[in-house]
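*Asks:* test case, fold it:
(one chain, ligands or ions: 1)
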Amino acid sequence: MKVIIEERLIKTVLEAAKKVYPKEILFLLRGKKKGEEIRVKELILPPKVIFGEGFASFSHYDLPIDLSIVGSIHSHPSPSNKPSTEDLNNMYGLFMIIVRYPFDDLKDLKAYDREGRELKLEII
Ligand SMILES: [Zn+2]
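*Replies:* Numbering: from 1, shown residues only. I've put the predicted structure just below:
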């Protein structure tokens, strides 16, 4: 499985991540899966999102059932972009992208599937 996302969307996330640091930011990703490729089309700020220190969470009950949401992206205020157990347990959609501190480099992003395996990430 491969995730394709536009650079301008990533830049928006990096800017937001810098703004809320040391808290984490989380966006849902809307897009389309075609075969083994998932193409992200837009970012959605989830309703009632809570930005915490060490976590970013939102209530799944507040979300509309929306099958166009394919995954999520969130920031880590640390130099690690590995998913935590909480990340994997609370995953929404097919994949997640994690952006690590200091949110400057596109290489600081990694995508994972539900089992925590790294996915190919193509930034266009
Ligand atoms: Zn995390």
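*Asks:* please name the nearest non-neighbouring residue to the closest residue to the ion within the chain.
*Replies:* Across the chain, the shortest distance to the ion (CB to the ion) belongs to D87, at 4.0 Å. In short, each C-beta sits where N, CA and C put it, glycine included. Leaving aside its chain neighbours, D87 sits nearest to M96 (6.5 Å; criterion: CB to CB, 6 or more residues apart in numbering).
*Asks:* my guess is that neighbour contacts H74. True?
*Replies:* Yes - M96 is within contact range of H74, at 7.0 Å (criterion: CB atoms under 8 Å).
*Asks:* what touches both of these two?
*Replies:* Shared contacts of M96 and H74, defined by CB atoms under 8 Å, 6 or more residues apart in numbering, are found at D87.
*Asks:* assign V13 to helix, strand or coil.
*Replies:* helix (DSSP: H, G, I helix; E, B strand; the rest coil).
*Asks:* what's the pLDDT at it?
*Replies:* Looking at V13, its pLDDT is 94.
*Asks:* give me the low-pLDDT residue ranges for this protein?
*Replies:* 50, 52, 54-65 (pLDDT under 70).
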